[in-house]
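S.K.: What shape does this take:
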Amino acid sequence: MGERSRQKLVEATATLLRARGYHGTGRSQIIEASGAPRGSLYFHFPGGKEALAAMALSLAGAAMRDELAAVLDAAPTLAEGAREVCREMARQLVDSDYQYGCPIATVALEAAAESDELHRVCASSYGAWRGLLEERLARLGVAPDHAAELATFGLAAVEGGMLLCKAERSPRPLEVVGDQLAALIALVIPA
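M.R.: You can find the predicted model right below:
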């Protein structure tokens, strides 16, 4: 029962952070959304909301990395994989009525500068995603330095596209990002 309560707290927190951010997510909202007993938050997470948020973000970041890898692996080319990643993210935004964006971005923008623990988790997640992209580009013959730059550019473009989608309540920005990334990747992959 204890592990189940802990898991429910982590899952509820990840969902709330994705929609409301760190400052918009209160302890009482976490308890209510999780259905966990009130005292369980501090029992399982003596560091309180910050420790719980760090765990939720860490797991959400790892899940997103796995999701990115799966989409890229299923695509016939890396260029098409980049396009499909953007399509999938746009679908998730539309399906959530533009409530859920990147599981890391909201917290990175609002709270990572205030908390070393949250900063570390956000940086680690982005680093893992960028590393995945670098590895895929390098595997296809792109020089390591160029692969690192392209991975950083691609990640920044997708994150910016998600922000624009939310602001405009339209999937179009991510569709454009996907098309442009696919074109860029096709240009830099050695023949």
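S.K.: now stretch 96-115, how far from the centre of its chain.
M.R.: Stretch 96-115 has its average C-alpha position 9 Å from the chain's average C-alpha position, going by Cα atoms, centre = their mean, to the nearest Å.
S.K.: average pLDDT across it?
M.R.: Averaged over stretch 96-115, pLDDT sits at 90.
S.K.: can you list contacts of that stretch?
M.R.: Residues outside stretch 96-115 that contact it (Cβ atoms under 8 Å, 6 or more residues apart in numbering): 14-15, 17-23, 50, 53, 57, 60-61, 63-64, 89, 92-93, 118-119, 121-123, 125-126, 159, 162-163, 165-166, 169. Where C-beta positions appear, they are placed from N, C-alpha and C, glycine not excepted.
S.K.: Only alpha carbons, please: show it as CSV.
M.R.: Extracted C-alpha coordinates of stretch 96-115, given in CSV (Å, rounded to 0.1, in the frame of the first residue of the first chain):
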residue,chain,number,x,y,z
SER,A,96,-5.1,17.9,-24.0
ASP,A,97,-6.8,21.1,-25.3
TYR,A,98,-3.3,22.7,-25.1
GLN,A,99,-3.1,22.1,-21.4
TYR,A,100,-0.1,19.7,-21.4
GLY,A,101,3.1,20.7,-23.0
CYS,A,102,6.6,19.5,-22.4
PRO,A,103,6.9,17.7,-19.0
ILE,A,104,10.1,19.6,-18.2
ALA,A,105,9.7,23.0,-19.8
THR,A,106,7.2,24.7,-17.5
VAL,A,107,9.3,23.8,-14.4
ALA,A,108,12.6,24.8,-16.2
LEU,A,109,11.2,28.2,-17.0
GLU,A,110,9.7,29.0,-13.6
ALA,A,111,11.5,27.2,-10.9
ALA,A,112,14.8,25.7,-12.0
ALA,A,113,16.7,28.9,-11.1
GLU,A,114,15.3,28.8,-7.6
SER,A,115,16.1,25.2,-6.8
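S.K.: Before I go, just wanted to say thanks for your time.
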